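**Q** The following comprises the amino acid sequence and a computationally predicted model.
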Amino acid sequence: MDWTLELVVVPVSDVDRAKTFYLEKLGFKLDVDHRAGDDFRVVQLSPPGSACSIAIGTGISQAAPGSYGGLHLIVRDIDAARAELVERGTVVGEFFHFGSAGQTPGPDPERRDYGTFFSFDDPDGNGWLVQEVKRTEPKA
């Protein structure tokens, strides 16, 4: 039986501000923006090429805005991905990798899959990592 992760709820304090950030600064696609009264709104957005989406909204999570960290986006070309976000005006961190001394500045010297990262935060402080994986076949 396949089990697929389709949606991750990301807690935010201002839905419109977060929606603008994910659309304009990250280039996510808007899937849904639905309201059911003043106390419920769900906005679903998808990263380009991803089968998994995020949801932000009102009345959809009890988690504190900005309390999530370690959300991962996987890209095949981390240099191009970082350049695109910088061009969109997103504040991003520098490349880093993990070596014998722990987290180390710069890309993985061998450019191994899962080896190079950079980070950014959404307007509420939810932390994202971008990780380079050059594999050509889907993960089994």
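**A** Okay, I see it. Numbers count the residues shown, from 1 in each chain.
**Q** Spit out the contact partners of the closest residue in space to residue 69 that isn't next to it in sequence.
**A** Nearest residue to residue 69 in three dimensions, chain neighbours excluded: residue 127, at 3.7 Å (C-beta to C-beta, 6 or more residues apart in numbering). Backbone N, C-alpha and C define where each C-beta goes, glycine included. Shown in contact with residue 127 (C-beta atoms under 8 Å, 6 or more residues apart in numbering): 68, 69, 70, 71, 119, 120, 121.
**Q** And residue 26, by the same measure?
**A** 47, 85, 88, 90.
**Q** Against residue 99, how distant is it?
**A** Residue 26 sits 28 Å away from residue 99, going by C-beta to C-beta, to the nearest Å.
**Q** same check, this time on residue 113
**A** With distances taken as C-beta to C-beta, residue 113 is found 16 Å from residue 99.
**Q** again with residue 125
**A** Noted for residue 125: a distance of 27 Å to residue 99, by C-beta to C-beta.
**Q** State the distance from the residue of the chain positioned farthest from its centre to residue 19.
**A** Within the chain, the residue lying farthest from the chain centre (C-alpha atoms, centre = their mean) is residue 37, at 28.2 Å. Distance of residue 37 to residue 19, computed by C-beta to C-beta: 18 Å.
**Q** Helices of this structure, residue ranges please.
**A** Applying DSSP state H to the chain gives helices spanning 15-20, 78-87.
**Q** Could you save those as JSON lines and add columns showing mean pLDDT and mean neighbour count?
**A** Formatted as JSON lines, these follow (pLDDT from 0 to 100; neighbours: other C-beta atoms under 10 Å):
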{"stretch": "helix 15-20", "mean pLDDT": "98", "mean neighbour count": "16"}
{"stretch": "helix 78-87", "mean pLDDT": "98", "mean neighbour count": "15"}
